[in-house]
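>>> okay, structure incoming, though there's no sequence with it:
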């Protein structure tokens, strides 16, 4: 298992643990008005995982849940709580996409990883591998936000 596979697997385990005892209402808690809730952060990184899948397998038809891009895409406006899917369903998508990523990474050729990235996101990723690591880092940053919100939720119980 390579470093990126290990990181994806670790992040999946972390998320599974963080959300295990969180209710839907708690997942929508915002420490202050304009901050993203735990559910939004999870939905966003679940969406980012589809981008990782597309980098590794451009011809793959992505599984997208209802309103995914509108709710969790870059620049998405915070919605009322009832607009969001269940924490359970988002968690299932996150885990499933992680499994797909680990498999795709196991089969990724060195040539594909070193190819110029077709998707242009981030400071200056030149290759597919650099873009994968950039987006993995982005996922990890949001997991840090999820951990902070989870700690607040736990302390407010």
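Structure's in. What do you need? From a predicted model like this one, the values you see are computed outputs, not experimental measurements.

>>> list the contacts of residue 45.
Remark: with contacts taken as Cβ atoms under 8 Å, 6 or more residues apart in numbering, residue 45 is in contact with 94, 138, 139, 142, 143. Heads up, the C-betas are built off the backbone N, CA and C, glycines and all.

>>> if you set the cut-off to 7 Å instead, what comes out?
Taking Cβ atoms under 7 Å, 6 or more residues apart in numbering as the definition of contact, the neighbours of residue 45 are 139, 142.

>>> can you tell me the helix or strand for it?
Under the criterion DSSP states H and E, the helix or strand holding residue 45 is helix 38-56.

>>> can you tell me how far the spatially most central residue of the chain sits from residue 156?
Centroid-nearest residue in the chain, with Cα atoms, centre = their mean: residue 45, separated by 1.8 Å. Here residue 45 is placed at a distance of 23 Å from residue 156 (Cβ to Cβ, to the nearest Å).

>>> repeat that for residue 52.
Between residue 52 and residue 156 the computed distance is 33 Å (Cβ to Cβ).

>>> ok, the two, which is more surrounded?
residue 52 (25 against 9; other Cβ atoms under 10 Å).

>>> what residues are up against the more buried one?
Applying Cβ under 7 Å, 6+ apart, we find residue 52 in contact with 101, 132, 135.

>>> which among these gets closest to residue 79?
The shortest separation between residue 79 and any of those is 23.9 Å, and it belongs to residue 135 (by Cβ to Cβ).

>>> point out where this protein drops to low pLDDT.
Applying pLDDT under 70 to the chain flags residues 1, 125.

>>> longest helix in it, please.
Here the longest helix in the chain is taken by residue count, with DSSP state H as the criterion, and it is helix 128-156.

>>> buried sites along that one?
Neighbour counts using 16 or more other Cβ atoms under 10 Å place 128-133, 135-136, 138-139, 142-143, 145-147, 149-150, 153 of helix 128-156 among the buried residues.

>>> what angle do it and helix 38-56 make?
Orientation check (axes from the mean of the first three to the mean of the last three Cα atoms, to 10 degrees): helix 128-156 against helix 38-56 gives 170 degrees.
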